[in-house]
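Undergrad: My questions concern the predicted model and sequence given below.
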Protein chains: 2
Amino acid sequence: MADDGRLDGLASRLLGLAARHAEQVVGAELAGAGAHRWHYAVLATLADHGPASQAGLGARTGIHASDLVGLIGELAGRGEVTRTADPADRRRNVVELTDAGRERLHRLDAVLAGAQDELLAPLSPGRRAELVRLLRVLVEHHGHPEPQGHPEPGGRDRISGRASRTG
Amino acid sequence: MADDGRLDGLASRLLGLAARHAEQVVGAELAGAGAHRWHYAVLATLADHGPASQAGLGARTGIHASDLVGLIGELAGRGEVTRTADPADRRRNVVELTDAGRERLHRLDAVLAGAQDELLAPLSPGRRAELVRLLRVLVEHHGHPEPQGHPEPGGRDRISGRASRTG
DNA sequence: CCAAATCGTTGGTCTGACTAACGGTAATTC
DNA sequence: GAATTACCGTTAGTCAGACCAACGATTTGG
């Protein structure tokens, strides 16, 4: 095999390569439907968790609040979501899915499913599930690295890490 | 579990999140040693496959030729690689590892191993190997999507091989 | 009422990966 | 052996994604 090199077995590198590939596939597939990853993320989140403020959407999707502004504007311009001032808290905008948005989400669901299938083509259903399981452990661990306990063996001060808010 | 949402089970999204996390961990760890991912990639490739031209390095590491210029310059400035004109083909530069480079690679090997361990902390050794196995299947498939023959099953027009955006 | 915090918004920054073009060199063809 | 074609390294610039800084409007809490 071609695993004589140190790079070929490096989990971090394989993750990066696979993720890049996934982004390509999904991005291209969604672009064919005139959409972006972010559009799907917002529509899906609204469908799954109901109306939300932009801050709430940002927390769930991981999309930065500043990028969310234009994104919601775009979706609202297409009539797929509504952005209305929250009467209970007038700082907030309540973003809500419309019927058109739900319809579009359904189409994008199909597109996404196709993309996933293309991505995972070389894996059997069982292997795909296993992959998802393993990845989910990693991302969940990322959210809660250490509940409590010893700081770190040989641990120096934390290297400034950019926190990511992944819900 | 928190898998009530469509995003939470999406392989492409999990890959992206995990990869981002990996980049953070590895990047921070390497930064603590004054290095970038690219430095390690180049040093490791040279150690594993011997001297190479910059084009060859680019092909193996995936680093773009234009970015490789400054990178090799940096490593050469630190005395960790030598860049000499190939007498057999004077278009080429032969990039070669020095003893200092080998020594630095050893240190970075340790750093990288620590980063991988931190990354994969929540997984048992068996699970880690399984993850690497699955990811490698994906990445290899990416390189050789279809051995030959039929254009693509269900495939529409060619997805632009490189850019995330068709342009 | 005043201070602090939150939300949406604007504008700018930084980085990684890419493109375009060019001079120098090699290989190929006539 | 001159011209054409292809390749290598280099420079400069583009582009998208993720982020930060700061602001006005608003709510919250002492």
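TA: Sure, I can see it.

Undergrad: Report the central residue of chain A.
TA: When CA atoms, centre = their mean is applied to chain A, the residue found nearest the centroid is A:Thr61 (5.6 Å).

Undergrad: Name the nearest residue to it, sequence neighbours excluded.
TA: Using CB to CB, 6 or more residues apart in numbering or on different chains and skipping residues adjacent in sequence, the residue nearest A:Thr61 is A:Ala41, 4.4 Å away. C-betas here are computed from N, CA, C, even on glycine.

Undergrad: circling back to that earlier point, for the residue nearest to the centre of chain A, give its distance to DNA strand C.
TA: 12 Å (CB to the nearest atom of the strand, to the nearest Å).

Undergrad: and that residue, what pLDDT?
TA: pLDDT, A:Thr61: 96.

Undergrad: so what's it up against?
TA: A:Trp38, A:Ala41, A:Val42, A:Thr45, A:Gly167, B:Leu7 (CB atoms under 8 Å, 6 or more residues apart in numbering or on different chains).

Undergrad: for the last one, what are its contacts?
TA: The contact partners of B:Leu7, by CB under 8 Å, 6+ apart, come to A:Ala41, A:Ala44, A:Thr45, A:Asp48, A:Arg60, A:Thr61, B:Arg13.

Undergrad: The third one: how many residues sit nearby?
TA: For A:Thr45, the tally of surrounding residues (other CB atoms under 10 Å in any protein chain shown) stands at 24.

Undergrad: for the first one, same thing?
TA: Taking other CB under 10 Å as the criterion, the count of residues near A:Ala41 is 20.

Undergrad: Render the CA-only coordinates of the helix or strand encompassing it in CSV, please.
TA: Take DSSP states H and E as the rule and A:Ala41 turns out to sit in helix A:37-49. The C-alpha coordinates for helix A:37-49 follow below in CSV (Å, rounded to 0.1, in the frame of the first residue of the first chain):
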residue,chain,number,x,y,z
ARG,A,37,-24.4,25.0,2.6
TRP,A,38,-25.5,27.8,4.8
HIS,A,39,-28.9,28.0,3.3
TYR,A,40,-29.5,24.4,4.0
ALA,A,41,-28.2,24.7,7.5
VAL,A,42,-30.5,27.6,8.3
LEU,A,43,-33.6,26.1,6.7
ALA,A,44,-33.0,22.7,8.3
THR,A,45,-32.4,24.2,11.7
LEU,A,46,-35.6,26.2,11.5
ALA,A,47,-37.5,23.1,10.4
ASP,A,48,-36.1,21.0,13.2
HIS,A,49,-36.1,23.4,16.1
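
Undergrad: Can you name the next helix or strand after that helix?
TA: Criterion used, DSSP H and E; the element after helix A:37-49 is helix A:54-61.

Undergrad: can you give me how far that next one is from the chain middle?
TA: Distance of helix A:54-61 from its chain centroid, counting by CA atoms, centre = their mean, to the nearest Å, is 11 Å.

Undergrad: and what of stretch A:112-125?
TA: With CA atoms, centre = their mean, you get 17 Å for stretch A:112-125.

Undergrad: Which residues are in contact with the residue nearest to A:Asp4 when sequence neighbours are not counted?
TA: Once flanking residues are discounted, A:Asp4 sits nearest to B:Asp48: 6.4 Å by CB to CB, 6+ apart. With contacts defined as CB under 8 Å, 6+ apart, B:Asp48 is in contact with A:Asp4, A:Gly5, A:Arg6, A:Leu7.

Undergrad: hmm, stretch A:123-135 in reach of chain B?
TA: Yes: using CB under 8 Å from any CB of the partner chain, stretch A:123-135 reaches chain B at A:Leu123, A:Arg127, A:Arg128, A:Glu130, A:Leu131, A:Val132, A:Leu134, A:Leu135.

Undergrad: Cross those against strands and list the overlap.
TA: Counting by DSSP state E, none of the members of these fall within strands.

Undergrad: got a markdown table for those residues, with pLDDT and neighbour count too?
TA: Shown next, in a markdown table, are the residues of stretch A:123-135 next to chain B (pLDDT from 0 to 100; neighbours: other CB atoms under 10 Å in any protein chain shown):
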| residue | pLDDT | neighbour count |
| --- | --- | --- |
| A:Leu123 | 97 | 17 |
| A:Arg127 | 97 | 16 |
| A:Arg128 | 97 | 18 |
| A:Glu130 | 97 | 17 |
| A:Leu131 | 98 | 23 |
| A:Val132 | 97 | 20 |
| A:Leu134 | 97 | 21 |
| A:Leu135 | 97 | 24 |
